[in-house]
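J.: Provide a 3D model corresponding to the input given below.
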Amino acid sequence: MIDHVFLFIEPDGPEIARLTAMGLVETYRRRHPGQGTANVCFCFDNMFLELLWIEDAAEARSSRIARTGLYERSLWRQTDACPFGIAWRRTLPGPVIDVATWAFSPPYLPEGISIAVATDSDDPRQPMMFESPGSTAPAEWPPEKRGALQHGAGLTTILDITLTLPTTTPPSAALNTIARHGSPSLTLCPGESYGMRLQVAAPGRAEDMIIDFS
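T.: Got it, this is the predicted structure:
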């Protein structure tokens, strides 16, 4: 089960205002002490969208964080790094996403807790792929954490994720595994540049909403 996707933006970038202009509401903002990043998250019933940026470049480039490639990904406009990330969560019963991983222990997590990051993410041209420490969908979170989700805009679940990679960057084995077993569906497409498109169920509207980052 796909838990969330992220996109690197500039600090408080225009993407936030664009989403709010579409009727979406922020669910929460969070800093990641020691990792050098901060985010704003927009939660839907089944998963959430995270907009991520660098707040402290020194922390993001530190030896404890460096292997994630977060700093390099934040510079995607100047490099060929992928600005996107995909996190899955274990949901039983359900398919297990079985890929090679390494244990990432960021300073903001409690001692003994780690994040399993796909080793294929060592290639910054691939999205960052990792298993979320969380195990439940936003709709199952306590009301004080999930808020009203996106119901005020007539939106419920993300139905489909389309991820575009440059034609020079074929999907890695881990990314193909996530695409085969992930839910909602993850469609991989070749293109001229990186892009992500989310199809969101909108039972309160005439048609589904499309959120496009390309």
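
J.: And the strands in this structure?
T.: 2-8, 28-32, 37-43, 48-54, 84-88, 101-104, 115-118, 128-131, 158-166, 185-191, 195-200, 209-213 (DSSP state E).

J.: just so I know, which of these lies nearest Gly69?
T.: strand 128-131 (6.7 Å; CB to CB). In short, each C-beta sits where N, CA and C put it, glycine included.

J.: returning to what we had before: closest one to Arg77 among the strands of the chain?
T.: Among the strands of the chain, strand 2-8 sits nearest to Arg77 (CB to CB), with 9.1 Å.

J.: which helices and strands sit right next to the closest one?
T.: Identification of packing neighbours for strand 2-8 by 3 or more CB pairs under 8 Å, 6 or more residues apart in numbering; DSSP states H and E yields strand 48-54, strand 84-88, strand 195-200.

J.: Need the winner for burial among these.
T.: strand 84-88 (a mean of 24; mean count of other CB atoms under 10 Å).

J.: so it versus strand 2-8, what angle?
T.: Relative orientation of strand 84-88 versus strand 2-8 (axes from the mean of the first three to the mean of the last three CA atoms, to 10 degrees): 160 degrees.

J.: Please verify my assumption that Ala116 contacts Trp102.
T.: Yes: Ala116 is in contact with Trp102 according to CB atoms under 8 Å; the separation is 7.5 Å.

J.: May I ask which helix or strand of the protein has the lowest mean pLDDT?
T.: Ranked by mean pLDDT, DSSP states H and E, the weakest helix or strand in the chain is helix 143-146, scoring a mean of 90.

J.: residues contacting Thr101?
T.: 116-119, 130-131 (CB atoms under 8 Å, 6 or more residues apart in numbering).

J.: The same query, at a cut-off of 6 Å, please.
T.: 116-118 (CB atoms under 6 Å, 6 or more residues apart in numbering).

J.: Let me have the residues you listed in TSV, adding pLDDT, neighbour count and distance to Ala174 as columns.
T.: Shown next, in TSV, are the contacts of Thr101 (pLDDT from 0 to 100; neighbours: other CB atoms under 10 Å; distance: CB to CB, whole Å):
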residue	pLDDT	neighbour count	distance to Ala174
Ala116	98	19	11
Val117	99	24	10
Ala118	99	25	4
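
J.: For stretch 167-174, which outside residues touch it?
T.: Residues contacting stretch 167-174 (CB under 6 Å, 6+ apart): 99, 118, 120, 125-126, 129, 188, 190.

J.: are any of the residues you listed buried, and which?
T.: Listed as buried from these are 99, 118, 120, 125-126, 129; burial here means 16 or more other CB atoms under 10 Å.

J.: ok, of the residues you listed, which one's closest to Arg61?
T.: Distances from Arg61 to the buried ones among the contacts of stretch 167-174, taken by CB to CB, are shortest for Arg125, at 18.9 Å.

J.: Any idea what Ile158 is bridged to?
T.: Val200 (DSSP bridges).

J.: quick one, what contacts it?
T.: Per CB under 6 Å, 6+ apart, neighbours of Ile158: 44, 47, 184, 198, 200.

J.: hang on, the earlier thing: pull out the CA atoms of the least confident helix or strand of the chain and give them to me as PDB.
T.: Output of helix 143-146 as PDB, limited to C-alpha atoms (Å, rounded to 0.1, in the frame of the first residue of the first chain):
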ATOM      1  CA  PRO A 143      -9.400  13.300  14.400                       C
ATOM      2  CA  GLU A 144      -7.000  15.800  15.900                       C
ATOM      3  CA  LYS A 145      -4.300  14.600  13.600                       C
ATOM      4  CA  ARG A 146      -6.100  14.000  10.400                       C
END
